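**Student:** please work out how this folds:
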Amino acid sequence: CWSSVESCLLPPVALGHFIKLSFTEHSKRLPRRAAGFTLIEILLVIVVILMLAAAMVVFVLPQQKGAEKNTTKLMLAQVATALDTYRLNLGHYPTEQEGGLDALSKKPTFENERMGEKWQGPYIKPGTSLDDPWGFKLRYELIAAGGDGDAGASALPYKLFSVGPDGQPDTDDDIKHGAE
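**Tutor:** Alright, predicted model coming up:
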């Protein structure tokens with residue numbers, strides 16, 4: 001067998017017979033299993049998927065509520081910056097007669113032409129919605145100069161807030177600008 005490679009090989013007929021015998025002997029020894037999944041395996045996968053879905057609901061929904069509140073706080077800060085810029089240009093915050101928060105995006109009509117020339121808006125990006133994530137309008141109220149006795153010297157001369165998810169003003173879920 002060492003002298004030539006050809007002599008070491010089995011003749012083709014003997015090789016085919018050997019393969020045939022070993023295949024048939026092997027198939028007789030092991031019972032053939034049907035392909036596919038059992039009912040228990042499928043049910044186990046469904047239970048695992050349901051458990052993952054339940055965990056996501058428990059962890060993701062509270063995060064969404066926190067994200068809505070953070071979005072509202074950022075929106076209030078953006079509007080407050082626009083209000084401050086308006087005041088720097090015109091010398092006062094927008095009044096109800098000037099349109100309130102709408103005066104930040106659309107030039108109000110002024111009785112005094114010189115006042116109209118000072119308006120350099122829009123002060124908020126065009127198309128910016130002044131609604132909170134729950135679909136309620138942001139609230140803006142200008143406080144009278146000699147108004148509340150509880151307002152300190154550093155307090156803002158206006159109230160800017162969202163009514164929150166319940167849509168009712170003056171409740172615990174209100175989100176106010178300038179309040180921590």
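**Student:** can you give me the helices in this protein?
**Tutor:** Counting by DSSP state H, the chain has these helices, from start to end: 5-8, 12-29, 39-90, 113-118.
**Student:** single out the most deeply packed of those.
**Tutor:** Greatest average neighbour count among the helices of the chain goes to helix 39-90 (a mean of 13), per mean count of other CB atoms under 10 Å. Yep, even glycine has a C-beta here, placed from its N, CA and C like the rest.
**Student:** does it pack against any helices or strands, and if so which?
**Tutor:** In terms of contacts (3 or more CB pairs under 8 Å, 6 or more residues apart in numbering; DSSP states H and E), helix 39-90 is packed against helix 113-118, strand 158-162, strand 175-176.
**Student:** what helices or strands is the shortest one leaning on?
**Tutor:** Going back to what we said before, that points to strand 175-176. Checking 3+ CB pairs under 8 Å, 6+ apart, strand 175-176 ends up next to helix 39-90, strand 158-162.
**Student:** got these as CSV, with mean pLDDT and distance to Gln120 columns?
**Tutor:** Formatted as CSV, the helices and strands packed on strand 175-176 follow (pLDDT from 0 to 100; distance: least, CB to CB, whole Å):
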stretch, mean pLDDT, distance to Gln120
helix 39-90, 90, 5
strand 158-162, 91, 20
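**Student:** and those: which comes nearest Gln168?
**Tutor:** strand 158-162 (11.4 Å; CB to CB).
**Student:** so which of the helices and strands packed on strand 175-176 is nearest Pro126?
**Tutor:** Evaluated over those, closeness to Pro126 peaks at helix 39-90, with 12.2 Å, by CB to CB.
**Student:** that closest one to strand 158-162, inter-axis angle?
**Tutor:** When axes from the mean of the first three to the mean of the last three CA atoms, to 10 degrees is applied, the directions of helix 39-90 and strand 158-162 differ by 160 degrees.
**Student:** distance between helix 39-90 and the chain's centre?
**Tutor:** With CA atoms, centre = their mean, to the nearest Å as the basis, helix 39-90 stands 5 Å off its chain's centre.
**Student:** do the same with stretch 102-116
**Tutor:** On CA atoms, centre = their mean, the centre of stretch 102-116 falls 36 Å from that of its chain.
**Student:** which residues sit against that stretch?
**Tutor:** Outside of stretch 102-116, the residues within contact range by CB atoms under 8 Å, 6 or more residues apart in numbering are 79, 82-83, 86, 90, 94, 97-99, 119, 121-124, 126, 128.
**Student:** just to revisit the earlier point, can you list the helices and strands packed on helix 39-90 in TSV and add distance to Phe37?
**Tutor:** Converted to TSV, the helices and strands packed on helix 39-90 look like this (distance: least, CB to CB, whole Å):
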stretch	distance to Phe37
helix 113-118	75
strand 158-162	51
strand 175-176	51
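**Student:** I am finished for the moment; much appreciated.
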